[in-house]
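Q: Please work out how this folds:
(chains A and B)
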Amino acid sequence: MIKYKRLFTGGICNNDCVLCPVTSERAGYSLGQILDEMGSPEGLVDSLELHGGEPALRQDLTDLIAEAKQRGWRRVKMTTNARAFADPQAVVSTMQAGVRVFEVKLLGHVPQLHDALTQSPGSFMETIQGLSNLRNVQAPKEVKTFVGVRVGVGAVNYPYLPQMVSFIMQVGVDRVTLSLDDPQAHMSDVAASLKAAIDTGLVNSTWVQTEGVPPCLMGGYEHHVHESFGIIEGERERCEPCAACAYSTCAGVAPAYLEANGPSEFVAVLSSVHAERMKEAAG
Amino acid sequence: MASKTTVLLAALNSCADPHYFSLAQGYLKAHAAADAEVGLETDIQTIDFCATCNDPLQVAFYISNAKPDVLGLSCYCWNIDEMRHIASMVRKTLPDTRIVAGGPEVTPIAEEFLEKNPPFDVIVRGEGEATFTELLRAHTTKTDIGKVAGVSYRDGDHILTNEDRPLIEDLDTIPSPYLTGILKPREHVTYLETFRGCPYKCGYCYEGKNYPKLRHFSDERVKAEIELIAADPAVTTYSFIDPVFNLTDKKLQKMCDMLRISAAGGKTIHTVEVITEQVDAKTVEKLKVAGAVSTETGPQTTNPCAIENINRYFVRDKFVRGVEAMRDGGLKVLCDLILGLPGDDFFSFCRSIRFVVDLRPGTIIFSTLNVLPGTAIRDDASKYGLEYDDAAPHYVLQTDDFSFEEIRKAEMLAASVAKEYDAVS
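A: Modelled structure (predicted):
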């Protein structure tokens, strides 16, 4: 619901995730380059998202955040693997600097799964420790923070989504985002696991949202399709069956997915009370 | 010499830090104590508890130590369960104590409440000051309360309702609890009242108490209260319970002129409720001169169907301009959204969230619709397929357009959005 300007902070990372789109060619990103791209709040966007690579590894992170605040960015979010936050002091200093929204990337609920996908032995334990520290830091009353988890959903880990959400619930987070960005994972197979994972979150009174899967495949769970709130990350394309679909507000799916798998999974939904309401709400 | 009738007014306030004290109790005591007869014959004490931090057993223990002849309990949606529990214990431990309830949770359903809640003896309906004083007079003179207008009461196995009491025309006949020393101003939780009633009749709201007209305390009295607070070094911020602080431009100017002194002394006014459509740059300047630092406003919803159903005044472009004027003028704006209004559905609720997020107010306050006694929404519930929880605070369960499951999902989404929104650097 909150729009962020995404700011790349460099490709240096202590993980080597199988599905990461960031290559080592972008590793050396100077503070100057980042500040050039940072800009200032404009229009409705007054929030900044730092992503990488791993932003928490930057030695000049405090300077970067100070500059962001100086330029009037109201809210600074970090998308992170949280390994650096296994050190509680790093949590304190990062929050004091001004990052208050954290989205922790997780790929599995057990070390074997997560570490295999990050290709970084020991990363799971550090990520979980970091997540726990972010959650449990004793911040002053006036410092309000948000800690969410972003699960990169792919062909290897999608069957374990309910277990992953169940595991995340033990830490207690403010939101879970299940984001599909792997053309090898067929959406029609992933959808059932997404729904079960959503149910796990709901029973624990935690909002779970999905990205990358259109509402036609999320029957009964359309409310959780993040794109229906009007915030769409990355390119989307509607395919041939979409022309007849009641979900006229749907932006479609990633072009890379259609290129890899074709449109056969997508069947137009001819009528849906949710589709009508989404259309009315979109105005 | 006959001993005085002991009266205890026990409030169970909603939780805050620091804790609230009850203005209503202050008014009741001030009015009764000022009556020549009742003031002499009664000894009225007030006590404030917190509905969250103090449990009913603690409250009942205090009451049993006090052993009042008359116990007064102000009932609201945040404390009614506890008040029932307390009354039930007091009825058993102090069988001769007359238990009197008042407040918005019982006034509109007085007879029904007495039928379902045997420990209570009397309900003071509506505006309580004059009625409570007359009730005490009947008690001290041992006369029949059958002639006290404004009460419903238990008479053996029967429940009787007397005629309504006319509203107090001259509000100044209610002495100020602050000026009489009954209430001592306290940092942050001191609230003043300058008028009763509300010109707007939003279907979910009982702030205006369904009063048919507005009545004002005199300027002299309000000014005296402000000056008292201005002179109190322990209070740096306070506020007003008026449903609309910028009722008219003339009224706002008057308030601004009266509040200049306290503002000049560094005191601030926090979170006054405003009609944003009436706000422009000049309004913002006046609010700031008055010492206001934050305002609270709607839109509650942006769905035209829901707006009509709840009879809410909302003019989109004026609302946007008003929020921008306050925000850019340095006031913190608290925007309210209500979840579960009749006519809204999950996706139109999300649209309202996006509208408010894009306004970039200071904070967004989400609340699930409370279907309160005495409100139009409660009376018209069946029209919208609206089901609500009988247990206070009477949350909406479902409507024709917003299912039970969807409302619960929307609550989780709202909690997540609110938390992220407030996580500012």
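Q: And residue B:377, how far from residue B:319?
A: 21 Å (CB to CB, to the nearest Å). For every residue, glycine as well, the C-beta is placed using N, CA and C.
Q: Looking only at neighbour counts, state which of these two leads.
A: Using other CB atoms under 10 Å in any protein chain shown, the more surrounded residue of residue B:377 and residue B:319 is residue B:377, with 25 against 22.
Q: Helix or strand: which one has the more buried one?
A: Following DSSP states H and E, one finds residue B:377 within helix B:376-379.
Q: just checking, next helix/strand downstream of that helix?
A: Counting by DSSP H and E, what follows helix B:376-379 is strand B:387-388.
Q: now what about the helix or strand just after that following strand, what contacts it?
A: Toward the C-terminus, strand B:387-388 is succeeded by strand B:396-398 as the next helix or strand (DSSP H and E). Here strand B:396-398 makes contact (CB atoms under 8 Å, 6 or more residues apart in numbering or on different chains) with B:339-340, B:368-371, B:385-389, B:402, B:404, B:407.
Q: Make a PyMOL selection of the buried ones in those residues.
A: Here is the PyMOL command that selects the buried residues among the contacts of strand B:396-398 (16 or more other CB atoms under 10 Å in any protein chain shown):
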select buried, chain B and resi 339+340+368+369+370+371+386+388+402+407
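Q: still on that earlier bit, send me the helix holding residue B:377 as PDB with only the CA atoms.
A: Listed next in PDB are the C-alpha coordinates belonging to helix B:376-379 (Å, rounded to 0.1, in the frame of the first residue of the first chain):
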ATOM      1  CA  ALA B 376     -28.600   5.000  13.400                       C
ATOM      2  CA  ILE B 377     -26.500   2.200  12.200                       C
ATOM      3  CA  ARG B 378     -27.600   0.000  15.000                       C
ATOM      4  CA  ASP B 379     -31.300   0.900  14.500                       C
END
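Q: Go through the lengthiest helix in chain A and flag the buried ones.
A: Looking across chain A with DSSP state H, the single longest helix is helix A:187-203. By neighbour count on 16+ other CB under 10 Å, the buried set for helix A:187-203 is A:187, A:190-191, A:193-195, A:197-198, A:200-202.
Q: I'd like those as CSV, with pLDDT appended.
A: Output for these, formatted as CSV (pLDDT from 0 to 100):
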residue, pLDDT
A:187, 94
A:190, 97
A:191, 96
A:193, 97
A:194, 98
A:195, 98
A:197, 98
A:198, 98
A:200, 97
A:201, 97
A:202, 97
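Q: next one: phi and psi at residue B:269?
A: Main-chain dihedrals, residue B:269, degrees, to the nearest 10: phi -110, psi 120.
Q: give me the number of residues near it?
A: As a burial measure, residue B:269 scores 24 neighbours (other CB under 10 Å).
Q: do the same with residue B:17
A: 10.
Q: ok, now how distant is it from chain A?
A: As for residue B:17, its distance to chain A is 9 Å (criterion: CB to the nearest CB, to the nearest Å).
Q: same question, residue B:311
A: Applying CB to the nearest CB, the value for residue B:311 to chain A is 21 Å.
Q: Quick one: mean pLDDT for the helix holding residue B:377?
A: Helix B:376-379 shows a mean pLDDT of 96.
Q: Over to stretch B:314-329?
A: 97.
Q: So which other helices or strands are in contact with the lengthiest helix in chain B?
A: Determined from DSSP H, the single longest helix within chain B is helix B:404-422. Using 3 or more CB pairs under 8 Å, 6 or more residues apart in numbering or on different chains; DSSP states H and E, the elements in contact with helix B:404-422 are strand A:146-153, helix A:187-203, strand B:332-339, helix B:346-359, strand B:363-368, strand B:396-398.
Q: Tell me the helices and strands packed up against the second one.
A: Counting contacts by 3+ CB pairs under 8 Å, 6+ apart, the secondary-structure elements packed against helix A:187-203 are helix A:161-171, strand A:175-180, strand A:208-211, helix B:404-422.
Q: distance of the closest residue in space to residue B:171 that isn't next to it in sequence from chain A?
A: With CB to CB, 6 or more residues apart in numbering or on different chains as the criterion, residue B:171 has its nearest non-adjacent residue at 4.8 Å, and that residue is residue B:217. Distance from residue B:217 to chain A, counting by CB to the nearest CB: 35 Å.
Q: Could I get the contacting residues of residue B:217?
A: By CB under 8 Å, 6+ apart, residue B:217 lies in contact with B:171-172, B:193-195.
Q: Who wins on neighbours among those residues?
A: Among those, the one with the most neighbours (other CB under 10 Å) is residue B:194, at 22 neighbours.
Q: quick one, what contacts that residue?
A: Shown in contact with residue B:194 (CB under 8 Å, 6+ apart): B:216-217, B:222, B:240, B:242, B:255.
Q: again with residue B:272
A: Counting by CB under 8 Å, 6+ apart, residue B:272 touches B:239-240, B:242, B:245, B:287, B:292, B:294-296.
Q: Beta-bridge partners for it, please?
A: residue B:295 (DSSP bridges).
Q: circling back: can you flag which of the contacts of residue B:194 belong to strands?
A: Judged by DSSP state E, the subset of these located in strands is B:216, B:240.
Q: these two touch, right, residue B:128 and residue B:24?
A: Yes - assessed by CB atoms under 8 Å, residue B:128 is found in contact with residue B:24 at 7.0 Å.
Q: The spatially closest residue to residue A:216 that is not a sequence neighbour: which element?
A: Among residues not flanking residue A:216 along the chain, residue A:269 sits closest, at 5.0 Å (CB to CB, 6+ apart). Secondary-structure assignment from DSSP H and E places residue A:269 in no helical or strand segment.
Q: residue ranges with poor pLDDT in the stretch 1-150 of chain A?
A: Filtered on pLDDT under 70, the stretch 1-150 of chain A yields the residue ranges A:23-27.
Q: All the strands of it, in order from the start?
A: In the stretch 1-150 of chain A, the strands defined using DSSP state E, counting those that start in this stretch lie at A:4-8, A:47-51, A:75-80, A:99-106, A:146-153.
Q: Between these, which one is closest to residue A:233.
A: Among the strands of the stretch 1-150 of chain A, strand A:4-8 comes nearest to residue A:233, with 8.1 Å by CB to CB.
Q: Just give the closest residue to residue 129, not the sequence neighbours.
A: No chain in the question, so chain A it is. With CB to CB, 6+ apart as the criterion, residue A:129 has its nearest non-adjacent residue at 4.0 Å, and that residue is residue A:86.
Q: other chain: chain B
A: Excluding its sequence neighbours, the residue lying closest to residue B:129 (CB to CB, 6+ apart) is residue B:31, at 3.9 Å.
Q: For residue B:341, see how far away residue B:189 is.
A: Look at residue B:189 and residue B:341: by CB to CB, they are 29 Å apart.
Q: which of these two has more neighbours?
A: Per other CB under 10 Å, whichever of residue B:189 and residue B:341 has more neighbours is residue B:341, with 29 against 19.
Q: quick revisit: so for the residue nearest to residue B:129, what pLDDT did the model give?
A: 98.
Q: Going by contacts, tell me the helices and strands next to the helix or strand containing residue B:115.
A: In this structure, residue B:115 sits in helix B:110-116 according to DSSP H and E. When contacts are defined as 3+ CB pairs under 8 Å, 6+ apart, helix B:110-116 packs onto strand B:122-124, strand B:151-155, strand B:158-161.
Q: Can you give me the buried ones in the longest one?
A: Read that as strand B:151-155. Neighbour counts over strand B:151-155 (16+ other CB under 10 Å) mark B:151-154 as buried.
Q: Next, format these as TSV and append distance to chain A.
A: Shown next, in TSV, are the buried residues of strand B:151-155 (distance: CB to the nearest CB, whole Å):
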residue	distance to chain A
B:151	43
B:152	40
B:153	43
B:154	42
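Q: Greatest separation within those: which pair is it?
A: Pairwise distances across the buried residues of strand B:151-155 (CB to CB) peak at 10.5 Å, for the pair B:151 and B:154.
Q: what do these two both touch?
A: Each of residue B:122 lies in contact with both residue B:151 and residue B:154 under the rule CB under 8 Å, 6+ apart.
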